[in-house]
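>>> Task: produce atomic coordinates for the following.
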Amino acid sequence: MALSALDSAQMYLPTEASFVVRKATTYDKQGRTLRALDMLDEALDSTNLDDQKLQYTAAYEEIAVPFIKKLVENGATRKAFDESSRLLEINPSSQLGLHYAINSAALLNRYEDYDRLVTSARYIYPEETFFLVKQSAMWQREGEYRRALDLLRPSLDSLPDNEILVGAFAENSRELAEKYLRED
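So this is what the prediction gives:
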């Protein structure tokens, strides 16, 4: 019913973009989130207008992020990775899209994707603690504990009570100490 009312109201909406965004939002509210995302993706592909692209991209992210969060909460890690990757194709600088994609890649042991995503996130958000810690985890996985510690130290000095930083620093310190013990 809401969709048919929206279809008949299309002539009164100020722009095609407004109509598409409202229709996608309606689909999402009806639980047809994938249809909403597909519609916005198609609209993005079919426009060359920057203002419309911005509207579609913003709407896409607004619908995709809660959907991905729900997938994560339900344990649908593979689907969460796919949908967060799709979001990043549309908006490569989506901070939450990067969060979800990185965490999902780690859970799926997709380290090549993880490394690529972390590198991209660090380029876009060089000071963001979450991405800093993820890069230290990347180096830790490669056995580069000293490099990870050197990366974390300046942030830890300025944010000494940050549990994520403290945990990452402690873990890398432990791994480095064990490495030294094995070498002796």
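
>>> how close does the residue most central in space within the chain sit to Q140?
For the chain, G97 is the residue whose C-alpha lies nearest the centre (CA atoms, centre = their mean; 1.7 Å). Going from G97 to Q140 by CB to CB, to the nearest Å gives 24 Å. Placement of C-beta: from N, CA and C, glycine included.

>>> just to revisit the earlier point, any idea which helix or strand carries the residue nearest to the centre of the chain?
In the assignment (DSSP states H and E), G97 maps to helix 95-107.

>>> I would like the residues contacting that helix, please.
Contacts of helix 95-107 with the rest of the structure, by CB atoms under 8 Å, 6 or more residues apart in numbering, involve 61, 64-65, 68-69, 72, 77-78, 80-81, 83-85, 87-88, 91, 111, 113-114, 117-118, 120-121, 124-125, 128, 130-131, 134, 137.

>>> what pLDDT, on average, does that helix get?
Helix 95-107 shows a mean pLDDT of 98.

>>> which parts of that helix are buried?
Within helix 95-107, the residues that count as buried by 16 or more other CB atoms under 10 Å are 95-106.

>>> now do stretch 35-52
By neighbour count on 16+ other CB under 10 Å, the buried set for stretch 35-52 is 36-37, 39-41, 43-44, 47, 52.

>>> Please apply the same query to stretch 60-76.
Buried residues in stretch 60-76, counting neighbours by 16+ other CB under 10 Å, are found at 60-61, 63-65, 67-68, 71-72.

>>> Please list the residues outside that stretch that contact it.
Contacts of stretch 60-76 (CB under 8 Å, 6+ apart): 24-25, 28, 33, 36-37, 40-41, 44, 77, 79-80, 83-84, 86-87, 90-91, 94, 96-97, 100, 103-104.

>>> Thank you kindly, that will do.
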